[in-house]
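> Sequence and predicted model, in that order:
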Amino acid sequence: MIITGTMIHYYFVCEKKLWYFLNGINLEKYDENIKIGTLIDKYSYERENKNLMIDENINIDFIRDWKIIHEIKKSDKLEELFIWQVKYYIYILRKYGVNIESGLLDYPKQKKRTKVFLDEEDEEKLENVFKEIEKIKNQKNIPIVKYKNYCKKCAYYEFCYI
Ligand code: SF4
């Protein structure tokens, strides 16, 4: 199974949401579809590459000099998730041979920045996450999860609670 950015995102948000998605219930749409190979060929010589789509589902805000991934966020409420999202981007781009050094989470409203690095331990954790995602896909029953404070904003809310 090919692990996508959306799966990683959902894994850190909610296993139930991930299960829906893996079982063909996709309620969130994406509007671009550019593969990494095409992307690297097309943009290799530009300094700042904005709104990049990778593997159909990863949408990176911009990469400076092909070294630092920048993600701009409204609030740091879900920072743990954002950090893992950026770690995943670094991981996948390195796999494609792009030597990304680090990531930067920008919260302009809060005037806050968080640096993100990917070390060997993180790589192992991500590889375990890939295995967990496979397990969730093969699980017959919908995972039971507790109500979260962002459930009401979730596209799957009606599936869970109504
Ligand atoms: S509504 Fe809440 S429990 Fe249901 S899929 Fe969304 S985040 Fe998960």
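Ah, there it is.
> Every contact and neighbour count from this point should use C-alpha atoms.
OK.
> Name the residues of the longest helix along the chain that come out as buried.
If you go by DSSP state H, the chain has its longest helix at helix 120-138. For helix 120-138, a neighbour-count test (16 or more other Cα atoms under 10 Å) marks 126, 129-130, 133, 136-137 as buried.
> cool, and stretch 139-158?
151, 156.
> Please export the C-alpha coordinates of it as CSV.
The C-alpha coordinates for stretch 139-158 follow below in CSV (Å, rounded to 0.1, in the frame of the first residue of the first chain):
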residue,chain,number,x,y,z
GLN,A,139,-9.2,-3.7,10.7
LYS,A,140,-12.7,-4.9,10.2
ASN,A,141,-14.4,-2.7,12.8
ILE,A,142,-14.3,1.1,13.0
PRO,A,143,-11.9,2.2,15.7
ILE,A,144,-13.5,3.5,18.8
VAL,A,145,-12.2,6.9,19.7
LYS,A,146,-13.1,9.6,22.3
TYR,A,147,-14.8,12.8,21.3
LYS,A,148,-12.3,15.5,20.5
ASN,A,149,-12.8,19.2,20.6
TYR,A,150,-12.3,19.5,16.9
CYS,A,151,-14.9,16.8,16.0
LYS,A,152,-17.6,19.4,15.2
LYS,A,153,-15.4,20.9,12.5
CYS,A,154,-14.5,17.4,11.0
ALA,A,155,-15.9,16.5,7.6
TYR,A,156,-16.9,13.0,9.1
TYR,A,157,-18.8,14.5,12.0
GLU,A,158,-22.2,13.2,10.7
